[in-house]
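Novice: Just the structure for this:
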Amino acid sequence: MLELRDVYGGYGEGFVLNGLSLTVEEGQVVGLLGRNGAGKTTTMRAIMGLLPRLAGEIRLRGQSLVGLPPHVIAHKGIALVPQGRRIFPSLTVTENLLIGARPPRPDQRVRWTVEEIYQLFPILKERGKIRGTLLSGGEQQMLTIARSLMTQPLVLLCDEPSEGLAPVMVQRVGEILQRLKQAGLSILLAEQNIDLALSVIDVAYIVEEGRVIWQGSAAELVGNRELQETYLGVRVEA
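Specialist: Numbers count the residues shown, from 1 in each chain. Modelled structure (predicted):
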């Protein structure tokens, strides 16, 4: 579904990404894991066409995305749930959803309407007429995910969706990702909450200094204490 091959990219003279390669298969949830500054957010920005400097290959269903502007990439089927939540605060919940709405593609496996969104996020239905600025942090994160789904994505990019959330909301985000996985949506998840990531991902890529230093199944990562401690900052008790 989505493939990055030997991607280099950055913002100034140097590179943040240094030959990064990964693959997201159809219906797969892939974890992009690593410490702060490893290149996770930059990878998401590279896919969306938001890096001023980029080399390598990025393909969606075999078609190159390199050189395309962000709005064209979004139209082709990539949706970004950005780090830090970026809703339209002056618009209501329903208006936030409708502003990103697109008709589904004929061959699309997972299709989203406002009614389906409200089934997945009942709290947003209750808040439908409330402006975004009045939502809690967790509700804003749900709205950010929901708005991205309204674009009818083939691949959903989630950049640190649990950041700054209370534990109960982190659990709710995990439940939502599980439901999206069950619906067959392809997801690339950048996340520092390892427990959350491992609860939903099929495959993990660990990045360090803009390159993949390990890849494997979630089960393999769970069983590798040294890897978790060295590259993810997880302290694993004996």
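
Novice: what's near enough to touch the residue nearest the centre of the chain?
Specialist: Centroid-nearest residue in the chain, with CA atoms, centre = their mean: Cys158, separated by 1.5 Å. Neighbour list for Cys158: Val81, Ile145, Leu177, Ile187, Leu188, Leu189, Ala190, Glu191 [criterion: CB atoms under 8 Å, 6 or more residues apart in numbering]. From N, CA and C alone the C-beta is placed, and that goes for glycine too.

Novice: Tell me if it really is in a strand.
Specialist: Yes: applying DSSP: H, G, I helix; E, B strand; the rest coil, one finds Cys158 inside a strand.

Novice: can you map out the strands along the chain?
Specialist: For the chain, applying DSSP state E gives strands covering 2-10, 17-24, 29-33, 53-60, 63-64, 78-81, 155-159, 186-190, 203-208, 211-217.

Novice: can I get those in TSV with distance to Glu226 and mean pLDDT?
Specialist: Output for those, formatted as TSV (distance: least, CB to CB, whole Å; pLDDT from 0 to 100):
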stretch	distance to Glu226	mean pLDDT
strand 2-10	26	95
strand 17-24	22	96
strand 29-33	15	96
strand 53-60	30	94
strand 63-64	38	96
strand 78-81	31	95
strand 155-159	27	96
strand 186-190	22	96
strand 203-208	12	94
strand 211-217	11	94
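
Novice: So which of those is nearest Ser90?
Specialist: strand 78-81 (20.4 Å; CB to CB).

Novice: strands paired with the closest one, and their directions?
Specialist: Paired with strand 78-81 in the same sheet, following DSSP bridges, are strand 155-159 (parallel).

Novice: Just want the angle from the strand it pairs with to strand 2-10.
Specialist: 40 degrees (axes from the mean of the first three to the mean of the last three CA atoms, to 10 degrees).

Novice: Against Gly223, how distant is Arg111?
Specialist: 37 Å (CB to CB, to the nearest Å).

Novice: what ranges of this structure fall below the confidence cut-off?
Specialist: 234-238 (pLDDT under 70).

Novice: and if we set it to 50?
Specialist: 236-238 (pLDDT under 50).

Novice: Now do the helices in it.
Specialist: Secondary structure of the chain (DSSP state H): helices located at 40-47, 70-76, 93-99, 114-120, 122-126, 137-149, 167-182, 194-200, 218-222, 225-232.

Novice: got the contact list for Arg131?
Specialist: Pro89, Ser90, Leu91, Thr92.

Novice: Just send these back as JSON lines, with distance to Ile123 and neighbour count too.
Specialist: JSON lines is the format used below for those (distance: CB to CB, whole Å; neighbours: other CB atoms under 10 Å):
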{"residue": "Pro89", "distance to Ile123": "18", "neighbour count": "12"}
{"residue": "Ser90", "distance to Ile123": "20", "neighbour count": "10"}
{"residue": "Leu91", "distance to Ile123": "17", "neighbour count": "16"}
{"residue": "Thr92", "distance to Ile123": "14", "neighbour count": "16"}
